[in-house]
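In: Sequence and predicted structure are below.
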Amino acid sequence: METLKIIGAIITLIGSIFLFLGALGLLRMPDVYTRIQAGTKASTLGTILSLLGIGMIIPGWYGKIIILIVFVLLTNPVSSHVLARAAHYIGIPLSDKTIVDKLEVVEKLKVDKLKEESPELKTISNFSPQNK
Amino acid sequence: MVNSILTAALIIILLALLISLIRFLKGPSTVDRVISFDVMTISSIALIALIAYFSNRIIYLDVAIVYGLLSFLGVLIVARYIERGL
């Protein structure tokens, strides 16, 4: 019983180290998208490990802890995805080391198709989501 | 033994909150600030769970659930506001 508690405490410690590394990546990464990547993924894993460790220390709390883990696992990727899409939509520049940006190509195709369908939009020269 | 390891975990989580607070104050764009706020909230869920262990009350985990729900809604609303206005 005592060894299980110590294993749970060590798992909580590993989770808190993941949270710290996520915050450090948030401070050191060069642009918005890599910050979203570093911060959200590392902090999801860190929170899940911390909650699992506390659930191993006190076995009676497993119900609410599993609810919390499922909740964090479902909502965290959704919020980071929505934020990354909003950041790309308002045209925040990518880092200099970026090689390919497929979302920009897709948005350009959409704008071209929209211009073909409705001719009055052709008079507007800079009709693009990037220039909003 | 268990208590000392968990105290170390608590201190590391507080350091993580402090570092993301620096990015929150520095951040050049709005999205940086929202992301660091999100990371701070998710770290706070682990912190609240640790506080619930130290004070031995299961009711604090309900606070963590409601806190996570409110932060998720807040991030979604701010992203929608950035993208197309309210």
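Out: Cool, the structure landed.

In: show me what contacts B:Arg80?
Out: A:Val82, A:Ala86, B:Leu86 (Cβ atoms under 8 Å, 6 or more residues apart in numbering or on different chains). Glycine gets a C-beta too; all of them are placed from N, C-alpha and C.

In: correct me, but the second one touches B:Ile77?
Out: No. Contact criterion Cβ atoms under 8 Å: A:Ala86 and B:Ile77 do not qualify, at 11.2 Å.

In: just to revisit the earlier point, now intersect the contacts of B:Arg80 with the helices, please.
Out: A:Val82, A:Ala86 (DSSP state H).

In: So which of the contacts of B:Arg80 is surrounded by the most neighbours?
Out: A:Ala86 (20 neighbours; other Cβ atoms under 10 Å in any protein chain shown).

In: quick one, phi psi at A:Asp101?
Out: phi -130, psi 90 (degrees, to the nearest 10).

In: Which pLDDT does the model give it?
Out: With respect to pLDDT, A:Asp101 scores 80.

In: how many neighbours does it have?
Out: Based on other Cβ under 10 Å, the number of other residues close to A:Asp101 is 12.

In: That one touches A:Ile92, doesn't it?
Out: No. When contacts are counted by Cβ under 8 Å, A:Asp101 is not listed as touching A:Ile92 (12.0 Å).

In: mind giving me a markdown table with the contacts of B:Arg80 and columns for distance to A:Ile57 and pLDDT?
Out: Below are the contacts of B:Arg80 laid out as a markdown table (distance: Cβ to Cβ, whole Å; pLDDT from 0 to 100):
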| residue | distance to A:Ile57 | pLDDT |
| --- | --- | --- |
| A:Val82 | 35 | 90 |
| A:Ala86 | 39 | 88 |
| B:Leu86 | 44 | 70 |
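
In: Dump the contacts of B:Arg80 to a markdown table, plus distance to A:Ile14.
Out: Converted to a markdown table, the contacts of B:Arg80 look like this (distance: Cβ to Cβ, whole Å):
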| residue | distance to A:Ile14 |
| --- | --- |
| A:Val82 | 29 |
| A:Ala86 | 32 |
| B:Leu86 | 41 |
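
In: and A:Ile58, what is it in contact with?
Out: B:Tyr53.

In: Which strand or helix spans A:Tyr33?
Out: Using DSSP states H and E, A:Tyr33 falls within helix A:32-57.

In: ok, now B:Ile65?
Out: Take DSSP H and E as the rule and B:Ile65 turns out to sit in helix B:59-84.

In: tell me which residues in that helix are buried?
Out: B:Tyr60, B:Leu61, B:Ala64, B:Ile65, B:Gly68, B:Ser71, B:Phe72, B:Val75, B:Val78, B:Ala79, B:Ile82, B:Glu83 (16 or more other Cβ atoms under 10 Å in any protein chain shown).
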